[in-house]
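>>> Need a 3D model of the following:
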Amino acid sequence: MNLDTKYFAKTKKDFSYNRWFKIVKVLFHSPSNDEKLKKIAFLLFLSFYCFTSIAQTFSKSQNFFPIAVTLQAPYNIEAYNKAGVNIYCDLSWGPLDAYHLDLLHKSNMYVICAQDSFALTKLNDTLIYAWSLPYDEPDNAQWNPKTSDYDSCINPSVIIGDYKKYKLKDPTRPVILGLGQGVANSTWYGRGSCYNWLASYPKYLKGCDIGTFDIYPVNSNVVGITNNLWYVAKGMDSIIAWSANSNKPMWTWIETTKINTTSAGKPSPSQVKSEVWMALIHGARGIGYFTHSWNPNYVSGAVLLDTPMVSSITIINNQIRALASVLNSPNIIGYSTVSSNTAVPIDIMSKKYGGYNYIFSVAMRSGNTTATFHVASGISVEVIGENRSITITGGQFSDNFSSYGVHLYKIKGSSTGFRNMNDGLENEIKVFPNPAKDKLNIQVLKNTIKISKLILSNTIGQEILAIDQDEINMDNNTLNIKLLPEGIYILSIETDNGIIVKKVIKQ
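Numbers count the residues shown, from 1 in each chain. So this is what the prediction gives:
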């Protein structure tokens, strides 16, 4: 078999993943038994792997967190860059071209764009972060200008088919799909004939590598959603569940303007901060800002005309970028739990990075409350961005929250006055069966150990139930969980000797 050296030279100059794969495939599956050809095929594959790994390093970097805007003008690239945005998603001026790609490079602004003929010649340009499918909220009813009426939502099979075509042309970059507010609002009438057809969402998410959705509760005129910021978190919970634990990144879009003259309201900087951190705490691995307004005339970058909002999102974005390595690290289940006024629950996310523990927290309703955090270790707490600290006493600390308030905690030190759960205490108390349906048995193996409190919480730290010492009946050694929904829970067992934490599965 002869090698076409001109073809190799052209492939090297005008890099094409498809051509590279074809060459490797032809060489490797050649009927010839020439081992040299096999080695060439292997080396080509290895060099391809190394190239694509380098090309996509930015997307996997521990210290990079996606912060996007969509359909924005080229002359605003630098303004958004200064505000901490790092991705232009879709392009208001049309297809990507050499001139605008150069502008994006000057501000080091990544781009998510259509997989058109020009973009496909730039597969070795790491500034192209992802590909966007040519559908905006396919789960909604689709306007048909010919009939002046709405058609049904787009069938997920269409999305999946186009997704596969995109991946054939470039298997190394993610493909992003934007869904509508039906992700968070199951009764959203905007889905038309697809109303309440929730079974379609897992199918849609098979047609992308990154899923997104939007819901704008401050702008919304829908009864029950207006000003209920927690719908952002609800949507995140749903889209992650529908992705079937595939570990695909899920993003959401955050309102920043009064979108229409008929909108119910305009979000305040504090409300935007709450929505952002609700999304992050509930698992968002990227965020985007909806910056447009038709109030009264259309301005794509309307947020840039709002100085207080720009200042606020700049602080938010800089904080996210500073904490990117922490946010990209795995969640720590069982390190902390939180209790508060039941009318104002506090949701948390726990991380451990660089020798420190972190708790990111947000109040999920309007109203004031005091939250008490129970932690497995730590001496003091730095409240990030607030220039204050809190002392940990007896394995816990408390803080005050206003409506939808956000506090970010960095825990320092390893001692709590309690024995660490890894010191062997965990082997002295058994919890079974696990998984369990109706009740948990708690068996203490040493009579010198006395349980003082049991706290059962969900995976985002919300306290489900707490049983104090005078309520604990160790004659029965049981905890009734029959009425709890199926899922994963965290059982914290406080004793005179220390605290242990067990993960419990309710069937």
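>>> Where do the strands of the stretch 201-350 of the chain begin and end?
Here the stretch 201-350 of the chain has its strands, by DSSP state E, counting those that start in this stretch, at 210-214, 250-255, 287-290, 293-294, 298-299, 336-339, 346-353.
>>> if you average pLDDT over each of those, which comes out lowest?
When these are ranked by mean pLDDT, strand 336-339 comes last with a mean of 91.
>>> Determine the set of other helices and strands touching that strand.
strand 346-353, strand 356-363, strand 369-375, strand 451-458, strand 463-468 (3 or more CB pairs under 8 Å, 6 or more residues apart in numbering; DSSP states H and E). Yep, even glycine has a C-beta here, placed from its N, CA and C like the rest.
>>> can you do 6 Å?
strand 346-353, strand 369-375 (3 or more CB pairs under 6 Å, 6 or more residues apart in numbering; DSSP states H and E).
>>> what's next to the first one, contact-wise?
Strand 346-353 is contacted from outside by 281, 325-326, 329, 332, 335-336, 338, 340, 358-364, 371, 460-461, using CB atoms under 6 Å, 6 or more residues apart in numbering.
>>> if you set the cut-off to 8 Å instead, what comes out?
By CB atoms under 8 Å, 6 or more residues apart in numbering, the residues outside strand 346-353 that reach it are 233, 278, 280-282, 325-327, 329-333, 335-336, 338, 340, 357-364, 369, 371, 373, 401, 460-462.
>>> That strand versus strand 356-363: what angle between them?
160 degrees (axes from the mean of the first three to the mean of the last three CA atoms, to 10 degrees).
>>> Now do strand 346-353: distance to the chain's middle.
On the basis of CA atoms, centre = their mean, to the nearest Å, strand 346-353 sits 13 Å off its chain's mean C-alpha point.
>>> now stretch 374-393
25 Å.
>>> same deal with stretch 110-122?
On CA atoms, centre = their mean, the centre of stretch 110-122 falls 24 Å from the chain's centre.
>>> average pLDDT across it?
Mean predicted confidence for stretch 110-122 is 96.
>>> re the thing from before, the strands of the stretch 201-350 of the chain into JSON lines, with extra columns for distance to residue 140 and mean neighbour count?
What follows is the strands of the stretch 201-350 of the chain, written out as JSON lines (distance: least, CB to CB, whole Å; neighbours: other CB atoms under 10 Å):
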{"stretch": "strand 210-214", "distance to residue 140": "11", "mean neighbour count": "24"}
{"stretch": "strand 250-255", "distance to residue 140": "14", "mean neighbour count": "26"}
{"stretch": "strand 287-290", "distance to residue 140": "15", "mean neighbour count": "22"}
{"stretch": "strand 293-294", "distance to residue 140": "18", "mean neighbour count": "20"}
{"stretch": "strand 298-299", "distance to residue 140": "20", "mean neighbour count": "12"}
{"stretch": "strand 336-339", "distance to residue 140": "36", "mean neighbour count": "26"}
{"stretch": "strand 346-353", "distance to residue 140": "28", "mean neighbour count": "22"}
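>>> Just the element for residue 398, please.
Residue 398 belongs to strand 396-401 when assigned by DSSP states H and E.
>>> Select, out of the strands of the stretch 201-350 of the chain, the one closest to residue 506.
For these, the distance to residue 506 is smallest for strand 336-339, at 16.5 Å, taking CB to CB.
>>> Which of the strands of the stretch 201-350 of the chain sits closest to residue 271?
strand 250-255 (8.4 Å).
>>> Need the contact partners of that closest one.
66, 68, 70, 176, 178, 210-219, 232, 235-236, 239-240, 243, 267, 272, 275-276, 279, 283-290.
>>> try stretch 140-160
133, 135, 138-139, 177, 180, 182, 190-194, 197, 200, 203-204, 206-208.
>>> Filter these down to the buried ones, ChimeraX style.
Selection of the buried residues among those in ChimeraX, burial being defined by 16 or more other CB atoms under 10 Å:
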select :133,135,138,139,177,180,182,190,191,192,194,200,204,206,207,208
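>>> What secondary structure category should be reported for residue 76?
At residue 76 the chain is in helix, as set by DSSP: H, G, I helix; E, B strand; the rest coil.
>>> so it makes contact with residue 304?
Yes: if you go by CB atoms under 8 Å, residue 76 and residue 304 touch, sitting 6.3 Å apart.
>>> Now the buried members of the contacts of strand 346-353.
Counted by 16+ other CB under 10 Å, those give 233, 278, 280-282, 325-327, 332-333, 335-336, 338, 340, 357-364, 369, 371, 373, 401, 460-462 as buried.
>>> Could you tell me how many residues sit around residue 228?
Other residues within reach of residue 228 by the criterion other CB atoms under 10 Å amount to 18.
>>> And for residue 390?
Applying other CB under 10 Å, we find 16 other residues in the vicinity of residue 390.
>>> domains of this structure?
Domain assignment for the chain by automatic domain parsing gives 5-55, 66-327, 336-412, 425-506.
>>> partner residues bridging residue 69?
residue 88, residue 289 (DSSP bridges).
>>> Was I right to think it contacts residue 85?
Yes: in this structure residue 69 lies within contact range of residue 85 using CB under 8 Å: 5.4 Å.
>>> what's the overlap in contacts for these two?
residue 289.
>>> before we move on, the earlier item: got the helices and strands packed on strand 336-339 as JSON lines, with distance to residue 146 columns?
Listed next are the helices and strands packed on strand 336-339 as JSON lines, based on distance: least, CB to CB, whole Å:
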{"stretch": "strand 346-353", "distance to residue 146": "46"}
{"stretch": "strand 369-375", "distance to residue 146": "54"}
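>>> what's the closest of these to residue 485?
Smallest distance to residue 485 across these (CB to CB): 16.4 Å, for strand 346-353.
>>> so the closest one versus strand 451-458, what angle?
Using the same axes, to 10 degrees: strand 346-353 against strand 451-458 is 100 degrees.
>>> now the helices for the stretch 1-150 of the chain?
Under the criterion DSSP state H, counting those that start in this stretch, the stretch 1-150 of the chain contains helices at 5-13, 17-28, 35-55, 57-60, 77-82, 98-106.
>>> And the average pLDDT for the third one is what?
Rounded to a whole number, the mean pLDDT of helix 35-55 is 49.
>>> Ok, the first one next?
Confidence for helix 5-13, expressed as mean pLDDT, is 34.
>>> repeat for stretch 190-203
87.
>>> how long is it end to end?
End-to-end distance of stretch 190-203 (CA to CA, to the nearest Å): 19 Å.
>>> starting at the chain centroid, how far to that stretch?
22 Å.
>>> Pull the residues that contact that stretch.
139-141, 150-153, 156-157, 160, 179-183, 186-189, 238-239, 242-244.
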